[in-house]
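[1] Take this sequence and fold it.
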Amino acid sequence: MSVPVPYRLFGDNLSNGLTLSTVETPYLHSATVALYVRAGSRYETPKTNGLSHFVEHMLFRGSKGYPDSLALNRAIEERGGTLYAETGRDYSLYQISVHPREVPSALAILGDLFAEPAFRDIERERPIILEEILEDLDDRGRKISIDDISRAAAFPGHPLGYSIIGPARNVRRFTTGDVRGHFERFYGARNMALCVGGQVIHREVKALASKAFRRVPPGRRARPLVARPSLVGPRFRCVWNDSAQTQVQMLFYALPDWDPAYPALAALLRVIDDGMSTPLHYQICDQKGLAYHVAASLEPFHDTALVEVDAACAHAKLPELLREIFGVLNHFRTSLVANDVLEKAKNRYLGDLEAGFDDLGGLCGWFGAADLFQRPRTHEELVKRMKGVTAEQVRRVARRVLDPQRLTVAAVGALDRKTARQVARQVDDFGG
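    Predicted coordinates for the structure are as follows:
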């Protein structure tokens, strides 16, 4: 039996092309205003890599109505909110959570910011970003970010393999003109989706948003380079780092949400790793003591996805750790999931969907971020898809996705040559 949905969802397009969605949640006593933009490393070239992230930083420097960072942040914080922003690969997010009565002010502030940003003080922001880059480097300036290393290996020469923050050489040479040009190219209304959730009324939100964002020009919708996974794996990349543990990350090219097998893939990830009784944690951490933490997750993009398995362990344990992880993954490629195990995974998924009714940020992401690329799925559609997943569908999607040709493995740590060669052989033998 389907759970009644307590919120009401409305969608509109404003006159300048801005997509608007409103999630009315009268049972909650807060509100969130979230703006999603098709801007991120996915839309960049080697020359412009890092510019989307740079623009995000520079937007905190103020606008016409709020001439510097102090004025902008004080205006938001006086109303009980905080400007949160992040740059990803597929899109960027700008979000303010406030009391419902402050929604008009939050919309007005964001509207002013995205109509006439100041882009002042670039030489104050540049060293901050360069400091951020240092977090991903060792003391010799070598990249040790496992996320960047694994994705560069999985998507060689494609923007999905670029670092979100970009290389230091780019950050050092970006000018205010570069920042403004990138903003003008990607921050048009047709390239944005606005979502307002909370104790609000759609018709009032639409009127407020229309007024607040009326000065944002329509612009053009950005279209990223199509993701074309290279099915010539497995691939292995090892980077030396004088650390206490070796980090390891396994990536498999996966499936986009619109693929009919996606619900089975979501169920498979729940079966593999969704609590301490699932095999990834139970076998590797609880029974073998090979790692303190190991996790499997799904990173979705609008046209593809990545299955990601992360762990860290003592350097000498890495071959045994990989052997156990590969054993868990191979099991699901060959064996049917027990009915009770699958039902547990499905019930936890459905429970999390229902719990999401109380998460305004999650609801805005569910509907607002999806609006950038396609029609968001309703709660009823998600429930129906998951309930229909069978054990055979899970095995088929495991065979399809957990395939050696789709595999990329990256390791960062103090591995001696013998251990590194042993790991490389294990990666080559996966699935054999």
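
[2] mind listing the helices for the stretch 251-400 of the chain?
    Taking DSSP state H, counting those that start in this stretch to define them, one finds helices in the stretch 251-400 of the chain at 262-272, 279-281, 318-334, 339-355, 360-364, 370-371, 379-387, 391-401.

[3] Which of those has the lowest mean pLDDT?
    Among these, helix 370-371 carries the lowest mean pLDDT, a mean of 90.

[4] Most tightly packed of the helices of the stretch 251-400 of the chain?
    Comparing the helices of the stretch 251-400 of the chain by mean neighbour count (mean count of other Cβ atoms under 10 Å), helix 262-272 ranks first with a mean of 24. In this view, the C-beta of every residue, glycine as well, is placed from N, C-alpha and C.

[5] my guess is Arg235 contacts Gln405, does it?
    No. Look at Arg235 against Gln405 with Cβ atoms under 8 Å: they stay out of range, at 9.7 Å.

[6] higher neighbour count, the two?
    With neighbours defined as other Cβ atoms under 10 Å, Arg235 and Gln405 compare such that Arg235 has more, 19 against 14.

[7] Please report how far the closest residue to the more buried one other than its chain neighbours lies from Pro159.
    Distance criterion Cβ to Cβ, 6 or more residues apart in numbering; nearest residue to Arg235, sequence neighbours excluded, is Thr408 at 4.6 Å. Spatial separation of Thr408 from Pro159 under the definition Cβ to Cβ, to the nearest Å is 16 Å.

[8] who has more neighbours, those two?
    Summary of the neighbour comparison: Thr408 and Pro159, criterion other Cβ under 10 Å, with Thr408 having more neighbours (27 against 19).

[9] tell me the angle the one helix or strand the more buried one maps to makes with helix 391-401.
    Secondary structure assigned from DSSP states H and E places Thr408 in strand 407-413. Here strand 407-413 points in a direction 70 degrees away from that of helix 391-401 (axes from the mean of the first three to the mean of the last three Cα atoms, to 10 degrees).

[10] Not counting its own residues, what contacts strand 407-413?
    Judged by Cβ atoms under 8 Å, 6 or more residues apart in numbering, the contacts made with strand 407-413 from elsewhere in the structure are 144, 146, 149-150, 153-154, 233-241, 243, 245-252, 315, 318, 322, 420, 423, 427, 430-431.

[11] Repeat the analysis, applying 7 Å as the threshold.
    The list of residues contacting strand 407-413 from outside it, by Cβ atoms under 7 Å, 6 or more residues apart in numbering, reads 144, 146, 149-150, 153-154, 233-239, 241, 243, 245-252, 315, 318, 423, 427, 430.

[12] Which residue ranges make up each domain of this protein?
    Listed by automatic domain parsing, the domain ranges of the chain are 8-212, 235-429.

[13] re the thing from before, with distance to Glu102 as added columns, please give the helices of the stretch 251-400 of the chain in TSV.
    Putting the helices of the stretch 251-400 of the chain into TSV (distance: least, Cβ to Cβ, whole Å) gives the following:
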stretch	distance to Glu102
helix 262-272	36
helix 279-281	42
helix 318-334	47
helix 339-355	26
helix 360-364	14
helix 370-371	23
helix 379-387	28
helix 391-401	44
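
[14] Glu56 is nearest to which of these?
    Across the helices of the stretch 251-400 of the chain, the minimum distance to Glu56, taken as Cβ to Cβ, is reached by helix 360-364, at 17.5 Å.

[15] how much distance is there from the strand holding Thr408 to the middle of the chain?
    Computed by Cα atoms, centre = their mean, to the nearest Å, the chain-centroid distance of strand 407-413 equals 20 Å.

[16] okay, the angle between it and helix 318-334?
    With the same axes, to 10 degrees as the basis, strand 407-413 and helix 318-334 are set at 160 degrees to each other.

[17] what's in contact with whichever helix or strand comes after strand 407-413?
    For strand 407-413, the succeeding helix or strand toward the C-terminus, using DSSP H and E, is helix 417-429. Contacting residues not belonging to helix 417-429 are listed as 234, 236, 238, 315-316, 318-319, 322-323, 326, 409, 411 [Cβ under 7 Å, 6+ apart].

[18] about what we covered before: for Gly40, find the nearest of the helices of the stretch 251-400 of the chain.
    Comparing the helices of the stretch 251-400 of the chain against Gly40 with Cβ to Cβ, the closest turns out to be helix 370-371 (15.6 Å).

[19] How far off centre is that closest one?
    Once both centres are worked out by Cα atoms, centre = their mean, helix 370-371 turns out to sit 14 Å from its chain's centre.

[20] ok, now which ones touch Phe236?
    If you count contacts by Cβ under 7 Å, 6+ apart, then Phe236 has 409, 424, 427 around it.

[21] Which single one of those is nearest to Met386?
    For the contacts of Phe236, the residue nearest Met386 by Cβ to Cβ is Val409; the value is 29.6 Å.

[22] Now do that closest one against Asp112, distance only.
    Relative to Asp112, Val409 is positioned 47 Å away (criterion: Cβ to Cβ).

[23] okay, the two: which has more neighbours?
    Val409 (26 against 21).

[24] how about the strands in the protein?
    Counting by DSSP state E, residue ranges of the strands within the chain are 8-13, 19-24, 31-37, 83-87, 92-98, 192-198, 235-240, 246-253, 294-300, 305-313, 407-413.

[25] Walk me through which strands the third one pairs with, and which way each runs.
    Read it as strand 31-37. Strand 31-37 has the following strand partners under DSSP bridges: strand 92-98 (antiparallel), strand 192-198 (antiparallel).

[26] Touching both of Arg235 and Gln405, which residues are there?
    Once Cβ under 7 Å, 6+ apart is applied, it turns out that Arg235 and Gln405 contact no residue in common.

[27] which one of the domains of the chain lies closest to Arg223?
    Go through these one by one with Cβ to Cβ and the one that ends up closest to Arg223 is domain 8-212, at 8.5 Å.

[28] other SSEs contacting the helix or strand bottoming out on mean pLDDT in the chain?
    In the chain, no helix or strand scores lower on mean pLDDT, DSSP states H and E than helix 370-371, which sits at a mean of 90. Applying 3 or more Cβ pairs under 7 Å, 6 or more residues apart in numbering; DSSP states H and E, we find helix 370-371 packed against no helix or strand.
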